[in-house]
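> Pasting the sequence and the predicted coordinates here, then a few questions.
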Amino acid sequence: MMYITIDGPAGSGKSSVAQRLAKELGFEHLDTGALYRSAALLWLRYGKDDFFNMLNNAKFELVNGTLRMNGKALGDEIRTPEIGKVVSKVAEMPKVREIITQKTRELADEKNIVVEGRDIGTVVLPNACVKIFLVASVEERAKRRYAQYQLKGINIRFEDVVKEIESRDRIDSSREVAPLKPAEDALMFNTDSLTLNEVVKKLKEIVLEKLKKC
Ligand code: DC
């Protein structure tokens, strides 16, 4: 079974790249940000007294490419501004990271899969066959995030998107457990001024070469 990890900061293009790459290679795809967002949903729903129990007992599955929690597909309810506000804080808790790391390993077990996140190559799947770390400038990432907000009809100033990206970078990179950083054996790939198609095409070539040696 082969693992490909894709890590990188908010707005680096991870999700679109990971999804497309998985599809082209015939691999499954897992977005671990969605697992942390689900944890944040449980935190908001049940409060701190019942939270760890609920998270521990939550059953995650990948069914036809869709992530489910306790039998229910996870959709827009984990992509709200309320979740966006608390998710970094929830993801900072060592116990949460321990539980999600374990659940990610179980989901990936026995599969050919592209797993994306922040600490997948360093902590979650350190033995992965191919590790990619995507980078892009703050301006480029803010432009992409701003365009996504506009598509969803969310009104926000560009300067505020830049601030949001910078603040997420700070929290994700400076936390004590599993901070955002490239694995020593990760391939650094800068997506600035490349289209999604260009990134996927180049990465696919690189990955196919590397997979031969796994
Ligand atoms: O990729 P995203 O924006 O959906 O991630 C949501 C949050 O989860 C973000 O604050 C970073 C955190 N996260 C993490 O700490 N580790 C991961 N492997 C994936 C996401």
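Looks like it came in fine. Numbering: from 1, shown residues only.
> Could you use CA atoms for every contact and neighbour count after this?
Noted.
> What about residue 25, how many residues nearby?
Residues lying near residue 25 (other CA atoms under 10 Å) number 14.
> so what's it up against?
Contact analysis of residue 25 by CA atoms under 8 Å, 6 or more residues apart in numbering lists residue 204.
> Read off the pLDDT value for it.
In this model, residue 25 is scored at 96, pLDDT.
> same check, this time on the one 3 residues further on
Reading off the per-residue confidence, residue 28 sits at a pLDDT of 97.
> which residues pair with the nearest residue to it once chain neighbours are set aside across the strands?
Nearest-residue entry for residue 28: residue 113, 4.5 Å, with adjacent residues in sequence omitted and distances by CA to CA, 6 or more residues apart in numbering. On the basis of DSSP bridges, residue 113 is bridged to residue 3, residue 28.
> residues near residue 113, how many?
Residue 113: 22 neighbours (other CA under 10 Å).
> Distance check, it against residue 8.
17 Å (CA to CA, to the nearest Å).
> just residue 189 next, same as before
Note on residue 189: its distance to residue 8, by CA to CA, is 10 Å.
> who touches both of those two?
Shared contacts of residue 189 and residue 8 (CA under 8 Å, 6+ apart): 133, 134, 135.
> number of nearby residues for the second one?
It refers to residue 134. Burial of residue 134 is recorded as 24 neighbouring residues (other CA under 10 Å).
> Alpha carbons only: can I get the host helix or strand of it in PDB?
In the assignment (DSSP states H and E), residue 134 maps to strand 130-135. What follows is strand 130-135, C-alpha atoms only, in PDB (Å, rounded to 0.1, in the frame of the first residue of the first chain):
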ATOM      1  CA  VAL A 130       6.200  10.300  -1.300                       C
ATOM      2  CA  LYS A 131       6.100  13.500   0.800                       C
ATOM      3  CA  ILE A 132       5.300  16.900  -0.700                       C
ATOM      4  CA  PHE A 133       5.300  20.200   1.000                       C
ATOM      5  CA  LEU A 134       3.500  23.000  -0.900                       C
ATOM      6  CA  VAL A 135       4.500  26.600  -0.400                       C
END
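> Any idea how far that strand is from the middle of the chain?
12 Å (CA atoms, centre = their mean, to the nearest Å).
> Any chance you could list what contacts it?
In contact with strand 130-135 (CA under 8 Å, 6+ apart) are residues 3-9, 12-14, 121, 182-183, 185-192, 207, 210-211.
> Sort out for me which of those residues are in helices.
When DSSP state H is applied, these are split such that 14, 207, 210, 211 fall in helices.
> what's the average pLDDT for the strand or helix carrying residue 88?
Per DSSP H and E, residue 88 falls inside helix 81-92. When pLDDT is averaged over helix 81-92, the result is 87.
> Please apply the same query to stretch 152-160.
The average pLDDT for stretch 152-160 rounds to 90.
> Report how far apart the opening and closing residues of that stretch are.
Termini of stretch 152-160 sit 16 Å apart (CA to CA).
> buried set for stretch 160-172?
By neighbour count on 16 or more other CA atoms under 10 Å, the buried set for stretch 160-172 is 161, 162, 165, 166, 169, 171, 172.
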